[in-house]
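S.K.: this one's structure only:
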């Protein structure tokens, strides 16, 4: 909370450069996974800020990611013929963020007067309504969703990097911008206002703060982050399908927040990595077990959810501040227990 | 002397039964007026009603502006500060952040820094605890912080609810004296609800005694302090 904007920019740019360089060490599939982690990180970071700083629990962030995905498609179609090919994804991402922000504004206005389970219920209803909405509005493409033209690597880079690495670069750049914005907001006056509203709305009002407005602003910011994530997913997958943005994803996003540590943007990275990589790692593990076909089919997908559940229970018992809190505590205790090194000698 | 705050026929409560019944009083510009009375007299309710935290009938005028339909945060922005009972310090914000919170709506970055520095000078113990969280402070420090946060916004009128609650007599004396000095040096107007009648009357210009939601007495503080019948009947000393 005490970071100044310049330090945040330096950290963000430095982290982005390291991450971009790191993509050269990964094979194409792992770069693809990295892009997915970045997309989910946008949404989880925004949700973490919303829950951790204003106490608003949203179970509807999958729908906001979907709004971002549909916004991306609309943006790309809008730019078709109007802007150069290379800029269409940029326009798509901008429209993704705007679309999700507008949906977030509507949800935020409706939810500003609601607390705890009531807001969670409202946002959950939005996610549940998404399939019905997409099937009723032909422009949204029904169950099949919408596709966008496949984007290959720009010609200048095509001899240097593979498609998946290019996708990872775009995803990492977007997530760097999202994290930079969220961290700046969190560290500034808006962060103070949000925490004041979360802790005591009456005291915040008596300090001249408008609690309702702050909650709506936080919801819109969080929705914009989720929309950016949805846009990135749409860019990576060349389309948006409503089936991918259901209740399960919404719950996984919340799990990602809790696992990483509520309100901790660095922790959100741990949560996002877990949400994307754990099913993959479990799949790798079970594929080597030589299980009967029926058992393997039953485990597929279900085992990951079970492990998520167990992990969540274990973490909330052992580390209520999330994985990042656990790591911070472990680091601090190791420092305390490290033997001191004498700095002078009597020799 | 003109009234900085005027309350006319104010009725307020928490349910069907009103706690305050048609209370009228004036707080003259630059003076300390103390609200006295036993538990349940309506002191806290009156302050909450004035700052817009309770539904009311009647009129609240701040420098002749009608605040009746104005929400609490807008009343703050018009110059009415309220330090509630329990102090309203944000537990998870640091002292520095709590102080900044008080003036975010009013000042730019530089002006806000100047205002917070001024409050650190006024309440020196806070300057040594800038990075401490609200919940890590002692009762006296919390009271100082709540008062300092209200003052950062440079209000016209300060509503202060039970500042002596749970504090050692020495701390209470220091806070009361700071309050009096503030009024004398800056012209701040204060409406102070206080159980510690003797302490409050010692710094107040006027006193208003409430009993079961109605005004029983309203006059100069020295006169109320010397009225033995009033003290025995309503003030408990």
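M.R.: Thanks, I have the structure now. The structure displayed is predicted, hence computed values, not measured ones. Numbering: from 1, shown residues only, chains lettered A, B, ... in the order given.
S.K.: low pLDDT regions in the chain?
M.R.: Using chain A. Applying pLDDT under 70 to chain A picks out residues A:1-3, A:335-347.
S.K.: my bad, chain B
M.R.: B:1, B:234.
S.K.: for it, what spans make up the helices?
M.R.: B:43-50, B:72-77, B:95-103, B:109-122, B:124-127, B:139-152, B:169-186, B:197-203, B:221-226, B:228-230 (DSSP state H).
S.K.: and the shortest one, what's buried?
M.R.: In this case it means helix B:228-230. By neighbour count on 16 or more other Cβ atoms under 10 Å in any protein chain shown, the buried set for helix B:228-230 is residue B:230. For the C-beta atoms, the positions are set from N, CA and C on the backbone; glycine is no exception.
S.K.: next: the second one.
M.R.: The neighbour-count check on helix B:72-77 (16+ other Cβ under 10 Å) flags B:72, B:73, B:75, B:76, B:77 as buried.
S.K.: how far off centre is it?
M.R.: 15 Å (Cα atoms, centre = their mean, to the nearest Å).
S.K.: around chain B, pick out the residues from chain A.
M.R.: A:1, A:189, A:192-193, A:195-196, A:198-200, A:202-211 (Cβ under 8 Å from any Cβ of the partner chain).
S.K.: just these: which are in helices?
M.R.: Using DSSP H, the residues of chain A next to chain B in helices are A:189, A:192-193, A:195-196, A:198-199, A:202-206, A:211.
S.K.: okay, which residue is most central for chain B?
M.R.: residue B:160 (1.5 Å; Cα atoms, centre = their mean).
S.K.: was I right about residue A:196 contacting residue B:101?
M.R.: Yes: with contact defined as Cβ atoms under 8 Å, residue A:196 reaches residue B:101; the gap is 5.5 Å.
S.K.: common neighbours of these two, please.
M.R.: A:204, A:207, A:209, B:90, B:93 (Cβ atoms under 8 Å, 6 or more residues apart in numbering or on different chains).
S.K.: ok, so of the residues you listed, who is nearest residue A:7?
M.R.: residue B:93 (20.3 Å; Cβ to Cβ).
S.K.: my guess is the closest one contacts residue A:198, does it?
M.R.: No: with contact defined as Cβ under 8 Å, residue B:93 does not reach residue A:198; the gap is 10.2 Å.
S.K.: tell me which of the two has more neighbours.
M.R.: residue B:93 (25 against 22; other Cβ atoms under 10 Å in any protein chain shown).
S.K.: CSV for the shared contacts of residue A:196 and residue B:101, including distance to residue B:56?
M.R.: Below are the shared contacts of residue A:196 and residue B:101 laid out as CSV (distance: Cβ to Cβ, whole Å):
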residue, distance to residue B:56
A:204, 21
A:207, 21
A:209, 22
B:90, 26
B:93, 30
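S.K.: which two in those are spaced the farthest apart?
M.R.: A:209 and B:93 (11.9 Å).
S.K.: need the residues touching each of the two.
M.R.: With Cβ under 8 Å, 6+ apart as the test, residue A:209 and residue B:93 both reach A:196, B:101.
S.K.: the residue nearest to residue A:259 when sequence neighbours are not counted: neighbour count?
M.R.: Spatial nearest neighbour of residue A:259, excluding adjacent residues (Cβ to Cβ, 6 or more residues apart in numbering or on different chains): residue A:271 at 4.7 Å. Residue A:271 has 31 neighbouring residues, counting by other Cβ under 10 Å.
S.K.: tell me the SS of residue A:271?
M.R.: Secondary structure, DSSP: H, G, I helix; E, B strand; the rest coil: residue A:271 is helix.
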